[in-house]
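> 3D model of this:
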Amino acid sequence: MQTEIIISGFGGQGALFAGQLMAYSAMDNQLEVTWFPSYGPEMRGGTASCTVIISDMEIGAPVVGQPTAVIAMNLPSLDKYEDQVKSGGLLVVNDSMVNRHATRADIRCVHVPANEIAEKIGDRRLTNMVLLGSLLANLKVLDLKTVEESLKEHTPERHQKLVPLNIKALEEGATYLA
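Next up, the predicted model:
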């Protein structure tokens, strides 16, 4: 089993953190993993993305041409990555930041009003966890509870107070199925 995932959005939306959390969870479960971040010089507000590869065998390279799944946190990410998703793959779209639906019929798509859900929970910065929760519920690459445990274990002490809200966001996102 090898699963390639791209998470993309504006800098500051938490795309890199969502990917890093998946990487930690995969390592905690004795899986092979690569986490390859990419961001423009603008950082906050510029483009940020990461590639996560999770496998039960050694990974040959961190480069992905046709990902199994993509989280598109904004319209430029949807425009860039929709055509790259492997046929039969998964596309998770932040409906709050995108003004169109995905057009491909050969992939599974789930549109999540992630910003609104995050605000309802109490913090717009939880948008990344809402979208990650939906990806995890639809992709079955990592168990949601395992990711929640990794979140607790790898979050620095100074941010531990935010863990319950992040878990709530993951669980809310997991209710959105393709």
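> ok, the residue lying closest to residue 74 once chain neighbours are set aside - contacts?
Nearest residue to residue 74, sequence neighbours excluded (C-beta to C-beta, 6 or more residues apart in numbering): residue 97, at 4.4 Å. No exception for glycine: its C-beta is placed from N, CA and C like everyone else's. Taking C-beta atoms under 8 Å, 6 or more residues apart in numbering, we find residue 97 in contact with 9, 73, 74, 75, 115.
> highest neighbour count among the residues you listed?
Sorting the contacts of residue 97 by how many neighbours each has (other C-beta atoms under 10 Å) puts residue 73 first, at 29 neighbours.
> grab the nearest non-local neighbour of that residue.
residue 9 (2.8 Å).
> do residue 144 as well
Leaving out its chain neighbours, the residue that sits closest to residue 144 by C-beta to C-beta, 6+ apart is residue 136, at 5.1 Å.
> the helix or strand hosting that neighbour - contacts with which helices or strands?
Element membership for residue 136, per DSSP states H and E: helix 127-139. Packing partners of helix 127-139 (3 or more C-beta pairs under 8 Å, 6 or more residues apart in numbering; DSSP states H and E): strand 2-10, helix 15-28, strand 69-72, strand 90-94, strand 108-112, helix 114-121, helix 144-154, helix 163-173.
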